[in-house]
Each structure stands twice: as C-alpha cells, then as structure tokens.
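J.: got a sequence here, can you build the structure:
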Amino acid sequence: MPRWYVSIESKASGPFETADVIESIRQRKYVVVDLVFQEGGALWQSFDEIGEFKQVFDEIKAQDESRSKANSHLTHPWVLLKKTKAEGPEKYLQEGPYSTEEVLNQIYNGVVQYSDYA
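T.: Now for the predicted structure:
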C-alpha cells in the first residue's frame, strides 16, 4: 500500500497511509492545491493530479455545491477580513462581498488560507 508525504506551506509531514490522507481530506485539513509525494515516487504533485485524491475533492465540492443550492434561500453575502502586516484599524483588509458558493470555491481551490485570516 502506498505511503504519502504532504507539504503544506513548505512543511512536509508523513508518511501517511492512503486511507489516512483521504480521511484528512474529508476533514478539510488539505486543499486541492497542496502538494503530495508518494514514497518511492519521482516528484511532488498537487492533490488534483492524483486520481484517487482528486475524486475525494470532487465529491466534497459536489456536496458543498448541493448544500449551497439547498440553502440558497438563506444566502447572505460574506465579507472576509484578511490579515495585513499593519497595526491598528488597518490590521485587516476587507474582501468581498462574496456568495456562499464563491467562498466555498475559494476554500476548495486554496485561495482562502486559514493562516491569512486567523
């Protein structure tokens, strides 16, 4: 069974069994553009380049889109507050407004990173 290393923000961790990586994807610990390396492999690839992992991300995206459509009557605009290096009132930069679907797509595609907003 293949073992995998995962790199997030240039920090590699692992090795992990395939089932553990899939479970972490389902727990949204990784985004589709994070890099993964198969033990004994030749190069790092993004999750979307590896069929079994891309399939899990596609399932998550479909579930999110379905949930978003089911709750479209509850749609409210989202505004994201991104951290800056400034202090005081300029510490955050407002981005948006976004729909729920736009925010979910940004999370799925790795555009929105937790570390930029927390």
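
J.: what ranges does this protein have for its helices?
T.: Using DSSP state H, the helices of the chain run over residues 18-26, 51-70, 100-108, 114-117.

J.: quick one: these as a markdown table, columns for mean pLDDT too.
T.: Formatted as a markdown table, the entries for the helices of the chain read as follows, by pLDDT from 0 to 100:
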| stretch | mean pLDDT |
| --- | --- |
| helix 18-26 | 96 |
| helix 51-70 | 87 |
| helix 100-108 | 84 |
| helix 114-117 | 73 |
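
J.: so which of those gets nearest E39?
T.: Distances from E39 to each of the helices of the chain were compared by Cβ to Cβ, and the smallest falls on helix 18-26, at 10.9 Å. (C-beta placed from N, C-alpha, C; glycine too.)

J.: what comes up buried for that closest one?
T.: 21-22, 25 (16 or more other Cβ atoms under 10 Å).

J.: tell me what it is packed against?
T.: Here helix 18-26 touches strand 3-8, helix 51-70, going by 3 or more Cβ pairs under 8 Å, 6 or more residues apart in numbering; DSSP states H and E.

J.: show the pLDDT at the residue lying farthest from the centre of the chain.
T.: Of all residues in the chain, the one whose C-alpha sits farthest from the chain's mean C-alpha position, using Cα atoms, centre = their mean, is G88 at 29.3 Å. Note for G88: predicted pLDDT of 76.

J.: what sits against the residue nearest the centre of the chain?
T.: Central residue of the chain (Cα atoms, centre = their mean): V31, 2.7 Å from the mean position. Residues touching V31, when contacts are defined by Cβ atoms under 8 Å, 6 or more residues apart in numbering, comprise 47, 107-110, 113.

J.: alright, that wraps it up for me.
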